[in-house]
Structure formats: structure tokens, C-alpha cells
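# Build me a structure from this.
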Amino acid sequence: MGLLTAACAAFASLAAWLWLTLAQGMFWRTDVRLPPRTAPAHWPSVAIVVPARDEAEVLPRSLPSLIAQDYPGEAEIILVDDGSTDGTGALALRLARAHPGLPLTVTSPGDPAPGWTGKLWALRHGIALARTAHPAEPDYLLLTDADIAHEPDSLRELVSAATSAGLDLVSQMARLRTAGPWERLVVPAFVYFFAQLYPFRRINRPGARTAAAAGGCVLLRTEAALRAGVPDSIRQAVIDDVSLARAVQRSGGRIWLGLAERVDSVRPYPVLGDLWRMVSRSAYAQLRHQPLLLAGTVAGLALVYLVPPAALLGGLATGHPAIASAGGAAWLLMTGTYLPMIRYYRQPAALAPLLPFTALLYLLMTVDSAVQHYRGRGAAWKGRTYARPSDA
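Got it, this is the predicted structure:
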């Protein structure tokens, strides 16, 4: 019975990897970059909205890059200081005085209203200010996190892509920092798993039903935001970027998501605990706080990522070549599909076969996310804990 179970698990894992490799929207490819684009005849106006809560550590490396944007049209920056206690707002004003460029406004919305997450409350305040501060509201909104650094042509390229392809939402997955050993092990897998859940090519097809965005860098047509009723329509969302994309898509908007080349996160995650909190704070929310979905996710992660090396090593140790071959083939497919992401992050190829270990960490983070939720500490971030939407 044990041998039959092991054989079934090994071949089921191999079948899963064959399906993922061939039928899951080529999620493993990393060449989805900004679509072909030309400069518009008239550059539309843009308001850059930056929600920031206790970001004094990263702001000196990110905000000057926004101020220095080389954009031919009218643009301004609105930094929304969301109850910071580390002097984020005052630091932003000092940086603006030291780095001439796009004008900066710092504002604060006060505590979130009931039923709102802090980031979306800050975005709501910033968007409202952008729409009412001038006689004409901006044509586009660039929603970007306080830890995201942009090359000087970032805004110009985003707007060119949106206007050339008629897109209502253009989002780039910023390249996250991979300076430390834990970052190198965990960060590329984070983006790999995200692309596996939301294949970029599938999202970018006209008429697609799959929707997602990367919250660190989202260019949104103001008209599309109004049509979708955002951020009010997604005010309870913990995973706000995916919810935003779905709202825009449901309202008839065209969306696009890809990997960035010149947009980077400068937030450090020097120890495993920092990365653990980044993942676990929203993992159970991604599963809609459903125990059955949690159980299925744990079983799926184990079958897809943990069974291949176990089957290979176990099959070799017990003299069952069929089990070993199935496990080895599944592990090879896993490694091969992970290699492009490893290369995108400029990491050594030797890290690719370690994906099962990283997947085990993510499995434990997901379980911990559920445990923290039932202890009343779920979806916690920077001193705030958010209730599940039905309880808000």
C-alpha cells in the first residue's frame, strides 16, 4: 500500500508539472515587458500618488527618483502620510527641497474609516486631492509604493505604453531586492509563485478573464478608476493590487501586467523573519480565510513541490526506478521553469534546484498566516490588524 501511494504521488506530481509547464499560460517566461509603444502626440497629465506609513528608512532612495522623472507633460507627486511616527512626511518635504524636479505635496488623511485598509484609505485621499487640486483632473494616476525607485524615464515609458495600446491599467512587477542570502532564496520564488497563479500572458490577452496587478507600480487611467469605483469598491481588500485589477477589468477596462526592467524595490529584507511577515500577513487572505482552501493549498504545495525530491531520493534508496524517474522528471521540470526567474534576478543557476525547500518555507508561512488570523493577529501590517471583509 505504501509503495502504491508513493508511486501515485510521484506520477501525479509529474503530471501536474507537465500541465503547469505546457498549459498554465507559459507562466515561467520572464520576457513579458512593456508592450511596443510610441510617444503620444500630446502627453497626458499625471498625478503620482504615494501612500506612505513609517517609510523614513527607504524614502531617501525612492522619492528622489520620482521627483527626477523626465516627463514631457504635466505631472505632480502627492505623498499621503498615513499616520507615520518616524517623520516620513517631514523627511519627504526635505527631500523635495534638496532635489528639484516634479512638485511634491504631502498630506495626511487621518485614521482609516471603518471597513477600510490603511493603504486604500491613503490612496482614496490622495486620488481625491489630485482630482480637486486643479481645474482639470489628471488624465492618469500613477499609484506607486514608497519603497519603489523609478529610473528617470519610467513614467514616460508607462504612459507611452498605455496610450499606444489603449490600456486602462498598466502595472509592472518591480524587481525586488536580492542582496542577502534569504532574499536570494525567497524573493525570486515569490514572483515565480505569483506568476504561476496569475500568468502574465493570460492577463494581457484582450478579453481575458484572469486579472492581477503589482501594487508597487500601477498606472491607471483616471476615467477607468471612476468607472470602476476604485478605491471605494475595494476598500476592504488586503490584497489590493489584484482587487484593483479585477475591478477595472469588470468595468470594461483593459489591463496589462509584466516584469519591470527599470523599476526596483529598495526595501531590505535582511533576515528570514522580515520575509516571513511579508508573506504571512496576506497569505490566508489570499485564500479568503477558508480552512478548506488552506487544506487544499497545503496539499497542493506538498504534491507539486515536495513530492518530486522525496520520490527521487526515496525511489533510489528503496530500489524503485519508476518512482525515482517520475520524481526526478518532475524536479527537473520544476527547476527548468524556475531558471528564467533566477536569471531575471541575476542569481546563480545553482539556486534553482532549491525551490522545493523554498516552497516548504512558503507552505509554513501560509499555515502561520492562518494561525495568526485565528489568534486575532491576521493581516497585520505596521501596527494595524485587519478583519476579514465579512467582519469589517
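# At which residues are the helices of the stretch 1-150 of the chain located?
Taking DSSP state H, counting those that start in this stretch as the criterion, the stretch 1-150 of the chain contains helices spanning 2-23, 59-67, 88-98, 118-132.
# of all these, which lies closest to residue 182?
helix 59-67 (20.2 Å; CB to CB). Glycine gets a C-beta too; all of them are placed from N, C-alpha and C.
# list the helices and strands the closest one packs on?
Secondary-structure packing of helix 59-67 (3 or more CB pairs under 8 Å, 6 or more residues apart in numbering; DSSP states H and E): strand 46-52, strand 75-81, helix 88-98, strand 148-150.
# Helix or strand next in line after the helix or strand hosting residue 278, which one?
Residue 278 belongs to helix 272-286 when elements are defined using DSSP states H and E. Along the chain past helix 272-286, the next helix or strand (assigned with DSSP H and E) turns out to be helix 291-301.
# would TSV of the helices of the stretch 1-150 of the chain with mean neighbour count, mean pLDDT and distance to residue 42 be doable?
As requested, the helices of the stretch 1-150 of the chain are arranged in TSV below (neighbours: other CB atoms under 10 Å; pLDDT from 0 to 100; distance: least, CB to CB, whole Å):
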stretch	mean neighbour count	mean pLDDT	distance to residue 42
helix 2-23	15	96	43
helix 59-67	20	98	22
helix 88-98	17	98	27
helix 118-132	21	96	19
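# So which of those helices is nearest residue 346?
Going through these one by one, with CB to CB as the measure, helix 59-67 comes closest at 18.9 Å.
# Point out where the protein drops to low pLDDT.
With pLDDT under 70 as the threshold, the chain has low-confidence stretches at 1, 378-392.
# how about the strands in it?
Read by DSSP state E, the chain holds these strands, from start to end of the chain: 46-52, 75-81, 104-107, 140-144, 148-150, 169-175, 217-221, 255-265, 380-381, 384-385.
# closest one to residue 22 among the ones you listed?
When the strands of the chain are ranked by distance to residue 22, counting by CB to CB, first place goes to strand 255-265 at 21.3 Å.
# could you dump the closest one to CSV, C-alpha only?
Coordinates of each C-alpha in strand 255-265 appear next as CSV, following Å, rounded to 0.1, in the frame of the first residue of the first chain:
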residue,chain,number,x,y,z
ILE,A,255,-5.3,45.8,-18.1
TRP,A,256,-1.7,44.8,-18.6
LEU,A,257,0.9,43.3,-16.2
GLY,A,258,4.6,42.4,-16.7
LEU,A,259,8.0,42.4,-15.2
ALA,A,260,9.9,45.6,-14.8
GLU,A,261,13.4,46.4,-16.1
ARG,A,262,13.9,49.9,-14.6
VAL,A,263,11.6,49.9,-11.5
ASP,A,264,13.1,48.4,-8.3
SER,A,265,12.0,47.9,-4.7
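# same for it, what does it pack against?
Contact partners of strand 255-265 among helices and strands, from 3+ CB pairs under 8 Å, 6+ apart: strand 148-150, helix 154-165, strand 169-175, helix 200-204, helix 240-250.
# let's see 7 Å
Here strand 255-265 is seen to pack against strand 148-150, strand 169-175, helix 200-204, helix 240-250 when contacts are counted using 3 or more CB pairs under 7 Å, 6 or more residues apart in numbering; DSSP states H and E.
# Quick one: residues contacting the nearest residue to residue 311 once chain neighbours are set aside.
The shortest distance from residue 311 to any non-neighbouring residue, by CB to CB, 6 or more residues apart in numbering, is to residue 327 (2.7 Å). With contacts taken as CB atoms under 7 Å, 6 or more residues apart in numbering, residue 327 has the following neighbours: 10, 307-312, 315.
# again, but for residue 343
Residues touching residue 343, when contacts are defined by CB under 7 Å, 6+ apart, are absent altogether.
# let's go with 8 Å and repeat that
The neighbours of residue 343, taking CB atoms under 8 Å, 6 or more residues apart in numbering as the test, are 30, 349.
# how near is it to residue 349?
Residue 343 sits 8 Å away from residue 349, taking CB to CB, to the nearest Å as the criterion.
# Then residue 312?
Residue 312 sits 19 Å away from residue 349, going by CB to CB.
# on that earlier part again, as TSV, the helices and strands packed on strand 255-265 with mean neighbour count would be great.
Formatted as TSV, the entries for the helices and strands packed on strand 255-265 read as follows, by neighbours: other CB atoms under 10 Å:
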stretch	mean neighbour count
strand 148-150	24
strand 169-175	26
helix 200-204	20
helix 240-250	23
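# wait, which of the ones you listed is closest to residue 112?
Nearest to residue 112 among the helices and strands packed on strand 255-265 is helix 240-250 (12.7 Å), distances taken as CB to CB.
# how about the nearest residue to residue 67, chain neighbours excluded?
In space, not counting the residues next to it along the chain, residue 67 is nearest to residue 101; the distance is 3.9 Å by CB to CB, 6+ apart.
# Look at the one you found and say how many residues are nearby.
Residue 101: 17 surrounding residues under other CB atoms under 10 Å.
# which residues touch residue 104?
63, 67, 76-79, 92-93, 96.
# do the same with residue 74
43, 45-46, 138.
# sorry, back to before: between which two of the contacts of residue 104 is the distance greatest?
Of all pairs drawn from the contacts of residue 104, the one with the longest distance (CB to CB) is 76 and 93, at 14.3 Å.
# picking up where we left off before, what packs against the helix holding residue 278?
Here helix 272-286 is seen to pack against helix 181-197, helix 355-374 when contacts are counted using 3+ CB pairs under 8 Å, 6+ apart.
# buried residues in it?
Neighbour-count burial for helix 272-286 flags 272, 275-286 (criterion: 16 or more other CB atoms under 10 Å).
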